[in-house]
Structure formats: structure tokens, C-alpha cells
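S.K.: Starting from these lines, generate the structure:
(one chain, ligands or ions: 1)
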Amino acid sequence: MKLYLYNSLTRSKVEFKAVQPGQVGLYTCGPTVYNFAHIGNLRTYIFEDILRRVLLYNGYRVKHVMNITDVGHLTGDRDMGEDKMERRALREGRTAWEIAEFYTQAFKNDIKNLNILPPDIWVKATDTIDEQIALIKTLEEKGYTYRTSDGVYFDTSKFKDYTKLSHQKLESLQEGARVEKNPEKRNPTDFALWKFSPHGVQRQMEWDSSWGVGFPGWHLECSVMSMKFLGDQLDIHCGGTDHIDVHHTNEIAQSEAATGRPFFKWWMHGAFLIIAGGKKMAKSEGNFLTLDHAFVKAGIHPLVYRFAAFQTHYRKPMEYSDESVQAARNGLSHLQNQIRQIAGAGADPQNNISAEHKNKFLEAVNDDLNMPRAMAAVQELLKSNINDGQKYTTILDFDRVLGLDLDNLAQHEDLPSEVQKLVDARQKARDAREWEASDRLRDEIQALGYMVQDTPEGMKVIKT
Ligand SMILES: [Zn+2]
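M.R.: Residues are numbered from 1 along each chain as shown. Alright, predicted model coming up:
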């Protein structure tokens, strides 16, 4: 069946064709690890996970690269302001490297909790400094750069089609860029390739270069890493819609200027999360919720958030409120109950997936990842008259895309809060190697009708 995806570059939904038949190179912009990801950021990673799973479901092999921005992302996206990492380090009294490590782990933990498949390749910006310097040299040789007192800049007026992704008039982009003034820039949209360490200040993260000691501009890493790890397989590049005007526009300009060839063919962007009242969730708005706080610590399984994200198409803003979380919680628990009822029949021994229902599901996900329609196809399957074994086999097949761990339901029930408290306390006791306390808590949990198992992946709690 044909797979249709919306391409931000052409602003159209067209049939997807990989550069090399049968395999797809996928690049997704990763987090800047100076803070926790908020659930609005995580919505984008869920959309990208669905994309990857749908590609796999369609039989493609996928090579997925994600960067970790651990240097060079300034508080202003247009190369002004402080370095987010160094500022955080100062505030927390830790080194920038420790901050990066801590928030990278937190991010990996979030995506694990959301059942997001990890990329095949993780790359840190600080691990590709040499390649980033080499790319600036190429741009310099080709006449795209100029120096100012604070860095080396890309001259956007020399790259025609600078606005081909944003589809904005250059004047309106420049208007936006003027907000952060840098009088030495030739054009307001020009961006830093290399920033010098400020005079008299020893940055924690800085490198030598032929232009002077400093650090790379934020956009550079994604150009370098995608070309380094995907080679000619530059199929799909993703991020949030907020990346379109500056980050992705600049990536395209510097990559195509350097190679003289088109960069990625497909650009896909996930829309914002809007919290009740109509504001987008953003760290800068000071209104951000983390997965850990809003779900894990609140005793709500994080997969509830994954399920919630399926209710809105990824290109539409998603509304978030206590009510929408509650609705998703009920919806997921209803789905789990429906599946528990048919699970007893076991998977169909002939592995007989219902072709009719699979077609409907595939049609939905292949229509630009239409998850609301896919969830309707799930309900249609569960309410149909086919036998339970076939239903169960088919839903487990769908779960390759859904990623709701439907074959493993026992562990994913929301625990009653008193049980969750005991489980958390037992985890703490185990971390502190207090085995007696741990055993006592296990007995208390058991008395409430739950059994704990310690497995290599961690503690599992099963209703008895
Ligand atoms: Zn990026």
C-alpha cells in the first residue's frame, strides 16, 4: 500500500519514495540537554516514533540518527544571549559536562517510559567538533562566510532560496530576526557558524580553531551529523514546527551551500502542545510540565500520555488539560480491558491476521500518520465479529505501530496510590541496599493484592 506523508518543503501530502529503495535515512533533532524535556517537546518525539514505526510497518529498513545538543545553543535562537548549558551549570553549581550527562539520562528515561524506540545512533554535538570546523572551512572557501568581532557568520544573502522551507517572505523573516540586534551582521537572518569565547572569560566548553577559541553555532551539528551518519540516505528530517523558520532553514542553507546538492528531501514537523487557556507549552513561558511530574510521580502510567497524543493529528495543535489526561486514562484502560477479554484466546495459532482490518489500519497510518483514524480502526476491529484469537493476533500486529505494550498488559495497569507509594519506597530501599526493609515492603504490597518481581529491567508489579 502506498505511504503518503506531508512534506513541509513542498507543503503537500504526496507518496513517499525513499532515495534508496527499501531503506530510509531518518534524522530527528534531539534535545538541548540543559533541562528536562517538557511534555510538549515529548509530543514531537512521539510523532517521530510513530513515523519510524510506520516506516518499519511498511517494510522499510530505517536508519535513525538523533543528536544531543550539549553545546552552542544560546538563549536566543539567533545566536544572541547566553549559552543555555553554561548558564544552567553556573546556576546549579555543576560543570556543563555534568549538566549534559544528567539531562541526557533524564531524556533517555523519558523516551523509554513512552515506549519510544531509541535511535540507532545517538550523537553529541561535542563529539563532532572537528567535522563542524571542517564544514565551516568549506563554506569559507566557497565564499559564504564573514567574520565579525564575536564570530564567523553565514551570509544568507548569498544562498538563494533561503526561505524555501519557511515559505515566508524574506522581509518578514528579517523582521523577526531584527528583534535580537547584532549591528555587525550583514543581514538580519545571517547566523553564527562559530562563536568566539568572550574576551577574558574561560568557557567550560571551548575549542581551538583557525578563527580563534570558541564553539560552534547551534545549527551546524545537525548538518554535520546527518551527512556523516546517513551519507546519501538523506530521506526524512524531523523536528517541531518551531524549528522551521530558523534552525531547519539554516541547516538547509549551510548544507546545500557546502555540498552544492539538495539536502533532505522530506521535512516533517510536529505541532505544539497547547495548554488550557491557549498558550503553547514552552520553557520560556515558564509553564512547562515534565513527564516525571505530570505522570510518573502522579501515579499515571506514562503510556497514558502516548495514548493521549494519538487523539490529535500530529500537524494539529494538541490541547492539554487535566480533563484530556483523564479522558486518555479512561480510554487506555478501556482498551486494555477489551484486550484482556480476548487475550485468553491467545494469539491465533496460524498467525492469522485479519486482512480486512489490517488494510483499514494501514490505510489510516499511511495517510500521513492519521492516528485518530487508526484508533477508530482499532475499535472497529475489537467490536467486529471475527474470533477472539484472530482479533488478538491482529491487535498485536497493530501494536507494532501503536507501541502501547498491549502484549504485556499485566504490568501497565495504573497502580492504586497506596500500592505505588509502597513500590516507590521499596525501590528506594533496594537502591540503598536495605534488604530487610525491601522484603517487608514486598509483603505489604502482597497484602494489597499485588506481586513484585525483580527483573533485569527493573521491578515489575503484577496484580494477583
Ligand atoms: Zn537540529
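S.K.: From now on I want contacts and neighbour counts done on CA atoms only, so please keep to that.
M.R.: Will do.
S.K.: show me the residues around residue 196 that make contact.
M.R.: 150, 151, 212, 213, 214, 215 (Cα atoms under 8 Å, 6 or more residues apart in numbering).
S.K.: Can you read off the pLDDT for the closest residue to the ion within the stretch 1-150 of the chain?
M.R.: Going by Cα to the ion, the ion is nearest to residue 29 of the stretch 1-150 of the chain, at 4.0 Å. Note for residue 29: predicted pLDDT of 97.
S.K.: And the helices in the stretch 351-464 of the chain, which stretches?
M.R.: Remark: helices assigned in the stretch 351-464 of the chain by DSSP state H, counting those that start in this stretch are 355-365, 371-382, 388-402, 417-431, 435-447.
S.K.: need the residues of the protein near the ion, please.
M.R.: Proximity of the chain to the ion, by Cα under 5 Å from the ion, involves residues 29, 222.
S.K.: Swap in 8 Å and give it another go.
M.R.: Residues of the chain lying close to the ion (Cα under 8 Å from the ion) are 28-30, 67, 219, 221-223, 239, 243, 247-248, 251.
S.K.: out of those residues, which are inside strands?
M.R.: 28, 67, 239 (DSSP state E).
S.K.: Please render those residues as a markdown table that adds neighbour count to the earlier fields.
M.R.: A markdown table is the format used below for these (neighbours: other Cα atoms under 10 Å):
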| residue | neighbour count |
| --- | --- |
| 28 | 23 |
| 67 | 21 |
| 239 | 23 |
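S.K.: TSV for these, including distance to residue 378?
M.R.: Putting those into TSV (distance: Cα to Cα, whole Å) gives the following:
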residue	distance to residue 378
28	28
67	34
239	28
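S.K.: In the stretch 101-250 of the chain, which residue sits closest to the ion?
M.R.: residue 222 (4.6 Å).
S.K.: list the contacts for that residue?
M.R.: Residue 222 touches 29, 67, 251, counting by Cα under 8 Å, 6+ apart.
S.K.: So what's the residue count around the last one?
M.R.: Burial measure for residue 251: 21 neighbouring residues, criterion other Cα atoms under 10 Å.
S.K.: re earlier: quick check: of the ones in strands among the residues of the chain next to the ion, which lies closest to residue 352?
M.R.: Closest approach to residue 352 among these (Cα to Cα): residue 28, at 35.0 Å.
S.K.: Does the residue nearest to residue 392 when sequence neighbours are not counted lie in a helix or a strand, and which?
M.R.: Closest residue in space to residue 392, ignoring its immediate chain neighbours: residue 347 at 5.6 Å, by Cα to Cα, 6 or more residues apart in numbering. Counting by DSSP states H and E, no helix or strand carries residue 347.
S.K.: What pLDDT does the model give residue 347?
M.R.: Residue 347 carries a pLDDT value of 74.
S.K.: The residue of the stretch 1-150 of the chain closest to the ion is in contact with residue 48, isn't it?
M.R.: No. Using Cα atoms under 8 Å, residue 29 makes no contact with residue 48, being 10.0 Å away.
S.K.: between those two, who's got more neighbours?
M.R.: Higher neighbour count among residue 29 and residue 48: residue 48, with 26 against 22, using other Cα under 10 Å.
S.K.: can you tell me how far that one sits from residue 314?
M.R.: Counting by Cα to Cα, to the nearest Å, the separation of residue 48 from residue 314 is 9 Å.
S.K.: cool, residue 6 as well?
M.R.: The gap separating residue 6 from residue 314 is 11 Å, by Cα to Cα.
S.K.: more crowded one of the two?
M.R.: Ranked by neighbour count (other Cα under 10 Å), residue 6 and residue 314 place residue 314 first, with 27 against 20.
S.K.: How about that one: what's its closest non-neighbour residue?
M.R.: Closest residue to residue 314 apart from its sequence neighbours, by Cα to Cα, 6+ apart: residue 270 at 5.3 Å.
S.K.: excluding its backbone neighbours, what's nearest residue 252?
M.R.: Residue 252's closest residue in space is residue 263 (Cα to Cα, 6+ apart), at 6.3 Å.
S.K.: Look at that neighbour and tell me its secondary structure.
M.R.: coil (DSSP: H, G, I helix; E, B strand; the rest coil).
S.K.: Touching, it and residue 250? I think so.
M.R.: No. Using Cα under 8 Å, residue 263 makes no contact with residue 250, being 11.5 Å away.
S.K.: what pairs with residue 240 across the strands?
M.R.: Beta-bridge pairing for residue 240 (DSSP bridges): residue 270.
S.K.: Tell me, how many residues neighbour it?
M.R.: Residue 240 has 24 neighbours, counted by other Cα under 10 Å.
S.K.: got it, and residue 441?
M.R.: Residue 441, neighbours per other Cα under 10 Å, totals 21.
S.K.: List the contacts of it.
M.R.: Residues near residue 441 by Cα under 8 Å, 6+ apart: 422, 423, 425, 426.
S.K.: again, but for residue 319
M.R.: By Cα under 8 Å, 6+ apart, residue 319 lies in contact with 273, 274, 275, 276.
S.K.: List the ones among the residues you listed that fall in strands.
M.R.: Among these, the members falling in strands (DSSP E) are 273, 274, 275.
S.K.: neighbour-wise, which of those leads?
M.R.: Using other Cα under 10 Å as the neighbour criterion, residue 273 leads these with 25 neighbours.
S.K.: Could you verify my assumption that it touches residue 318?
M.R.: Yes. Between residue 273 and residue 318 a contact is recorded at 4.8 Å, counting by Cα under 8 Å.
S.K.: ok so residue 194 is a strand residue?
M.R.: Yes. Counting by three-state DSSP, residue 194 falls inside a strand.
S.K.: what's it in contact with, if anything?
M.R.: Taking Cα under 8 Å, 6+ apart, we find residue 194 in contact with 136, 151, 152, 153, 214, 215, 216, 217.
S.K.: repeat that for 6 Å
M.R.: Taking Cα atoms under 6 Å, 6 or more residues apart in numbering, we find residue 194 in contact with 151, 152, 215, 216, 217.
S.K.: Spatially, which two of the residues you listed are the most separated?
M.R.: The span of the contacts of residue 194, defined through Cα to Cα, is set by 152 and 215 at 10.5 Å.
S.K.: Neighbour count for those two, which is higher?
M.R.: A direct count of neighbours by other Cα under 10 Å for residue 152 and residue 215 places residue 215 higher, at 25 against 22.
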